[in-house]
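Student: Only the shape, not the letters, is given here:
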């Protein structure tokens, strides 16, 4: 995505106070639709605290013979950081277990 010229960004930022007040007005206005009120509240929260982090866990079982060198190295690094599948890493474990 191309970056907006500095003067456009500056112009847009000059309306931030007004925009926040408009969002606040929509959020508090009971005559606005519930979806508009929720959208305004969400926009305010995201600007004040940032968007919530979304995490997901994915397990992919792949044979080592099917992995690229980069994938094998990344898996070994991960196992060194987090420990083996059987428990935390110990000093005696020179070779990580690959699932």
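Tutor: Nice, thanks for sending it over. Nothing here was measured: the structure is a model prediction, and the numbers come from that model.
Student: Under a three-state scheme, what state does the most centrally placed residue in the chain occupy?
Tutor: For the chain, the residue nearest the mean C-alpha position is residue 53 (4.5 Å; CA atoms, centre = their mean). Under DSSP: H, G, I helix; E, B strand; the rest coil, the three-state class of residue 53 is coil.
Student: Next: residue 62.
Tutor: coil.
Student: What residue, apart from its backbone neighbours, is nearest it spatially?
Tutor: Spatial nearest neighbour of residue 62, excluding adjacent residues (CB to CB, 6 or more residues apart in numbering): residue 71 at 7.5 Å. Using the backbone N, CA and C atoms, a C-beta is placed for each residue, glycine as well.
Student: That neighbour: which element?
Tutor: In this structure, residue 71 sits in helix 69-82 according to DSSP states H and E.
Student: Next: residue 12.
Tutor: Element membership for residue 12 (DSSP H and E) is helix 6-13.
Student: Give me the residues contacting the helix or strand following that helix.
Tutor: Downstream of helix 6-13, the next assigned helix or strand under DSSP H and E is helix 16-28. Helix 16-28 is contacted from outside by 32, 36, 37, 39, 40, 41, 43, 44, 47, using CB atoms under 8 Å, 6 or more residues apart in numbering.
Student: what's the next secondary structure element after helix 16-28?
Tutor: Next along from helix 16-28, by DSSP H and E: helix 34-49.
Student: just the angle between that following helix and helix 16-28, please?
Tutor: Angle, helix 34-49 to helix 16-28, by axes from the mean of the first three to the mean of the last three CA atoms, to 10 degrees: 140 degrees.
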